[in-house]
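>>> Give me a 3D structure for the following:
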Amino acid sequence: MVDSNSWLNDALRNFKPIERNPQGIASGQIRTVGFSNSDFSRMCVVLEVHSANNYCEVMLIHHEEEMATDVDLVISSDESDHFHTMVIQTDCHSVVFLLQLGEHVDNLTPEEMESIWCAKSGRDLVDKNLYTGMSMAGRLDFRWQFKVHEGDSIRALSNDCVSALLKGRVQTFLDPGIFSLELLTQLEDPTAVLVDVIDSLSGKVVSDPFVLNELGALNKEQWVKFDSAVGDQIHAMLQMKLLEQSLVPLEEAVTIPWGLNRKEEAGPLRVPPGAKVITATFTKNIAKGEAIAESEIYNYDLVDARSVG
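All right, here's what the predicted structure looks like:
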């Protein structure tokens, strides 16, 4: 039970927003890109990160130097500090969800990044140790089918993100378990958590109204019981800022692997494809440090990360 009548106003006044994209996804990184429900993944270079909309631009990479075309930038391990030769395909340029990004394996130099755009536009490369391949000679070229396969690969990786962007569905998903009153009452300081949640509600944020209802988070009397001073304000905030946006098509929502290890009091977690997830360490059945490490691997945010020592 929270006793202070002014805790919400004080917390809002002293609030500092949590850092988004804490895992440090940035332009120039070489990362694996794949799906949580599939073993299929490929190496890509991150070109630009759009954190607010939970996606980034990437280009597909392969390592078959002899397959390079005139729009592919070849970075040879013999002429650089990279462990493997990389062929960056500027014609395999698309968008993927941040959730699809995996292991960070390498970084490109500023000169190598600039040379990508030179190769794409047909300009001279700024790094003389880099080069492009020969132009394609039509369908009879021995590289033709290889390039067709590479095109299929980038389309497979980017299809969900492209579709969501075209339909305007990219959004942030707030784990309903954060509003579990049973879990909140066990925290030493629920104030910090609720204030960070309030901040997250400023954008296009949705949640699962069915689970919220099951957890009692839509019950005004429960919030007043939780805090007699501001409980009704919290309930009104949920109604105004969250429920109006939370018409989640549950038939499209999916269960994510890292969301299975949850406390029973947090309820189930099913997420719309591609949504950026905001959750909390106290919803999980693992130690706080493990939860933070897991969030960096799977690219989700923790509202209580700042309070974790």
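
>>> Next, Leu125: phi, psi?
Backbone geometry at Leu125, expressed as degrees, to the nearest 10, gives phi -70, psi 140.

>>> If you could redo that for Glu65, that was the one I meant.
Torsion angles, degrees, to the nearest 10, at Glu65: phi -60, psi -40.

>>> likewise the one 5 residues further on?
In terms of degrees, to the nearest 10, the main-chain angles of Asp70 are phi -70, psi -10.

>>> Could you do Phe142 as well?
phi -60, psi -20.

>>> Compute the distance between Ala266 and Leu238, please.
Remark: distance between Ala266 and Leu238 (C-beta to C-beta, to the nearest Å) = 17 Å. For every residue, glycine as well, the C-beta is placed using N, CA and C.

>>> Those two: who's more crowded?
Ala266 (24 against 21; other C-beta atoms under 10 Å).

>>> Now the more buried one: closest residue in space that isn't a chain neighbour?
In this structure, Ala266 finds its nearest non-sequential neighbour in Gly177, 3.0 Å apart by C-beta to C-beta, 6 or more residues apart in numbering.

>>> distance between the ends of stretch 131-140?
24 Å (C-alpha to C-alpha, to the nearest Å).

>>> Give me the buried positions along it.
131-133 (16 or more other C-beta atoms under 10 Å).

>>> And the contacts of that stretch?
67-74, 87, 119, 125, 143-144, 147 (C-beta atoms under 8 Å, 6 or more residues apart in numbering).

>>> how is this protein carved up into domains?
29-167, 171-307 (automatic domain parsing).

>>> Low-confidence ranges, the stretch 151-300 of the chain, go.
Residue ranges of the stretch 151-300 of the chain with pLDDT under 70: 168-171, 191-192, 199-204, 240-252.

>>> can you give me the helices for it?
181-184, 190-200, 209-214, 220-226, 231-237, 288-298 (DSSP state H, counting those that start in this stretch).

>>> Tell me which of these sits most buried.
helix 190-200 (a mean of 21; mean count of other C-beta atoms under 10 Å).

>>> Farthest-apart pair in the contacts of stretch 131-140, please.
For the contacts of stretch 131-140, the farthest-apart pair by C-beta to C-beta is Leu125 and Trp144; their separation is 24.6 Å.

>>> What pLDDT does the model give the residue of the chain most remote from its centre?
Relative to the centre of the chain, the most outlying C-alpha is that of Leu140, 40.6 Å out, by C-alpha atoms, centre = their mean. Per-residue pLDDT puts Leu140 at 92.

>>> Likewise for Met134?
pLDDT at Met134 comes out at 94.

>>> which phi and psi does it have?
Backbone phi and psi, for Met134 under degrees, to the nearest 10, turn out to be phi -80, psi 150.

>>> Would you check how far apart it and Met86 are?
When Met134 is compared with Met86 (using C-beta to C-beta), they lie 18 Å apart.

>>> before we move on, what about Gln100?
19 Å.

>>> And the next helix or strand past the longest strand anywhere in the chain?
Longest strand in the chain, counting residues (DSSP state E): strand 86-97. Counting by DSSP states H and E, the next helix or strand C-terminal to strand 86-97 is strand 101-107.

>>> In that next one, which residues are buried?
So strand 101-107, judged by 16+ other C-beta under 10 Å, has buried residues 101-102, 104, 106-107.

>>> what's the closest of these to Asp39?
Among these, and counting by C-beta to C-beta, the member closest to Asp39 is Gly102, at 11.6 Å.

>>> Could you pull up the contacting residues of the closest one?
31-34, 41, 297.

>>> One more pass at 6 Å, please.
Contact partners of Gly102, counting by C-beta atoms under 6 Å, 6 or more residues apart in numbering, are 32, 34.

>>> Mind pulling up the pLDDT for it?
87.

>>> Would you quantify the distance from it to Ser115?
Remark: distance between Gly102 and Ser115 (C-beta to C-beta) = 25 Å.

>>> what does Asp175 give?
Taking C-beta to C-beta, one finds Asp175 at 42 Å from Ser115.

>>> Please apply the same query to Ser295.
34 Å.

>>> How about Thr255?
Taken as C-beta to C-beta, the span from Thr255 to Ser115 is 42 Å.
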